[in-house]
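Trainee: Task: produce atomic coordinates for the following.
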Amino acid sequence: MNAYNPAVLLIPQDNLPSIDPLRYLLKLAGSHRRKLWMVSPGGESEETIVSVIKHAIAMGEWVYVVNIHLASPALMRMILQLAFVEDKKMPEFKMWIGLSIATSNPPVSLIAVCILSFVAYFIYN
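Mentor: Purely as a prediction, here's the structure:
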């Protein structure tokens with residue numbers, strides 16, 4: 001994973017506390033001395049989410065987008081655009097995207113784009 005490839009974390013339906021990714025991401029961020037922002041389309045306004053992601057991109061910080069399946073199609077497109085804009089990112093920037101696998105309408109386009117970018121990274125690097 002690098003600044004140009006967000007990672008999609010598939011969260012099981014029961015959301016067991018023993019596998020909550022936030023705990024592990026906070027520990028990982030601490031060990032790398034990075035600030036980890038957490039935003040949720042179900043909790044914050046779209047403006048706040050976009051603002052936090054833009055700030056993290058500019059500062060080389062990390063972002064965990066929780067419950068992406070709750071985002072509107074417009075917000076999801078914006079998050080994807082921000083995730084893949086290469087010219088303004090600090091190399092330290094990382095994005096994790098949490099997706100409940102219990103959702104009835106998973107954002108297949110999001111998953112496909114992340115998988116394709118991951119594969120392309122290994123093919124061309």
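
Trainee: contacts and neighbour counts: CA atoms only from here.
Mentor: Fine.

Trainee: Which residues does stretch 31-38 contact?
Mentor: Contacts with stretch 31-38, where a contact means C-alpha atoms under 8 Å, 6 or more residues apart in numbering, come from 25-26, 29, 52, 56, 61-66.

Trainee: Report the mean per-residue pLDDT for that stretch.
Mentor: Stretch 31-38 shows a mean pLDDT of 93.

Trainee: C-alpha coordinates for it, CSV please?
Mentor: The C-alpha trace of stretch 31-38 is given here as CSV (Å, rounded to 0.1, in the frame of the first residue of the first chain):
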residue,chain,number,x,y,z
SER,A,31,4.4,3.2,15.5
HIS,A,32,5.0,5.3,12.3
ARG,A,33,4.4,8.6,14.2
ARG,A,34,1.5,9.5,11.9
LYS,A,35,-1.8,11.2,12.7
LEU,A,36,-4.8,9.0,11.9
TRP,A,37,-8.0,10.8,11.1
MET,A,38,-11.3,8.8,11.2
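
Trainee: Can you list the buried residues in that stretch?
Mentor: The neighbour-count criterion (16 or more other C-alpha atoms under 10 Å) identifies 34-38 as the buried residues of stretch 31-38.

Trainee: Just the ones in strands from the contacts of stretch 31-38, please.
Mentor: When strands are assigned by DSSP state E, the members of the contacts of stretch 31-38 inside them are 62-65.

Trainee: Let me have these in CSV, adding neighbour count and distance to Leu82 as columns.
Mentor: What follows is the ones in strands among the contacts of stretch 31-38, written out as CSV (neighbours: other C-alpha atoms under 10 Å; distance: C-alpha to C-alpha, whole Å):
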residue, neighbour count, distance to Leu82
Trp62, 25, 13
Val63, 25, 12
Tyr64, 25, 13
Val65, 22, 12
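
Trainee: which SS state does Pro91 fall under?
Mentor: Secondary structure, DSSP: H, G, I helix; E, B strand; the rest coil: Pro91 is coil.

Trainee: Please report how far it lies from Leu22.
Mentor: In this structure, Pro91 and Leu22 are 22 Å apart, going by C-alpha to C-alpha, to the nearest Å.
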